[in-house]
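Enquirer: All I have is the shape, not the residue letters:
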């Protein structure tokens, strides 16, 4: 495992992929590797890109990555796909849409599932970001899909969060405007060649006045590469502001706090479901709840008492 970690630190793509796979599978052997990986992480700029399906996030991310490569920066992309609760498989459409980057050895793309987190980011995503960071990637882009817990979680892992919208989402913006303002560091109105782009920009500006918060708004047409340069300028300006004000350190402390809790919760869940004595006792508790002999809260207290013994 130490050799695998050392190879990943040197940028070995197979080693990076193997470590991320171990993270996804919840392998306990990953711990030894992360002891080596963690001290070398913390240099990359982590950018979260989020928004509902169909706004062109993958195309936009592809264009961003191409621009970063022109600047000589290496890029890691983690596309968090919804996971089927039945098959556990992540959709791989994002990798198909990012084909222009496939032959670039300085770009690493990985699709990952939410692993039953009700749309939220699994602990493996945090590990993947840290592995890519330690491997030398300058920029790491985390893409989340849809509207749900993943959009809330992305602000806990990203230094800079970009919320992507398109013209015609006026009702949607009004419905979740408070949530949008909470997570957005930068707004992007993509597909801005469509009618209604100006109206969308004006709605966002009106929303900012209500919430007394100023967030840059960038218009892009990702399929043509338009506006991407301006977006990267805003992203860099935001990152510099984070460093200058000390907010970067605060955000990263928040990331590690979230990751720590995620790891602890994952291990507790593994103990409950995988260890024979707990699995048997949980089964008995479920029977008693079903028969009306016990309520779920009291049963949970019994499980916790058993774990702490």
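Expert: Received the coordinates, thanks. What you see is a predicted model; the values in this text were computed from it and never measured.
Enquirer: alpha carbons only for contacts and neighbour counts from here, please
Expert: Noted.
Enquirer: Now do residue 258 against residue 187, distance only.
Expert: Separation of residue 258 from residue 187 (CA to CA, to the nearest Å) stands at 25 Å.
Enquirer: Which residue is the nearest non-sequential neighbour of residue 9?
Expert: Closest residue in space to residue 9, ignoring its immediate chain neighbours: residue 135 at 4.3 Å, by CA to CA, 6 or more residues apart in numbering.
Enquirer: Okay, now the unreliable bits of the stretch 101-250 of the chain?
Expert: 114-120, 146-152, 170-172, 174-178 (pLDDT under 70).
Enquirer: what ranges do the helices span in it?
Expert: 123-134, 149-157, 170-175, 177-183, 197-211, 228-245, 247-274 (DSSP state H, counting those that start in this stretch).
Enquirer: Output those in TSV; the columns should cover distance to residue 53.
Expert: Converted to TSV, the helices of the stretch 101-250 of the chain look like this (distance: least, CA to CA, whole Å):
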stretch	distance to residue 53
helix 123-134	20
helix 149-157	12
helix 170-175	13
helix 177-183	15
helix 197-211	17
helix 228-245	20
helix 247-274	25
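Enquirer: so of those helices, which one's packed in deepest?
Expert: helix 123-134 (a mean of 25; mean count of other CA atoms under 10 Å).
Enquirer: tell me what that one is packed against?
Expert: If you count contacts as 3 or more CA pairs under 8 Å, 6 or more residues apart in numbering; DSSP states H and E, helix 123-134 packs onto helix 2-9, helix 13-25, helix 30-37, strand 75-81, strand 139-144, helix 247-274.
Enquirer: What lies in contact with that helix?
Expert: With contact meaning CA atoms under 8 Å, 6 or more residues apart in numbering, helix 123-134 is reached by 8-9, 16, 19-20, 23-24, 26, 37-38, 40-44, 46, 76, 78, 80, 112, 140, 157, 259, 262-263.
Enquirer: Which among those residues count as buried?
Expert: 8-9, 16, 19-20, 23-24, 26, 37, 40-41, 44, 46, 76, 78, 80, 112, 140, 157, 259, 262-263 (16 or more other CA atoms under 10 Å).
Enquirer: Can you report phi and psi for residue 41?
Expert: phi -90, psi 170 (degrees, to the nearest 10).
Enquirer: For residue 5, see how far away it is.
Expert: From residue 41 across to residue 5, the span is 12 Å (CA to CA).
Enquirer: roughly how far apart are the nearest residue to residue 199 once chain neighbours are set aside and residue 71?
Expert: Once flanking residues are discounted, residue 199 sits nearest to residue 167: 7.6 Å by CA to CA, 6+ apart. Separation of residue 167 from residue 71 (CA to CA): 30 Å.
Enquirer: likewise residue 162?
Expert: Residue 162 is 20 Å from residue 71, by CA to CA.
Enquirer: now do residue 283
Expert: 57 Å.
Enquirer: what does residue 199 give?
Expert: Separation of residue 199 from residue 71 (CA to CA): 33 Å.
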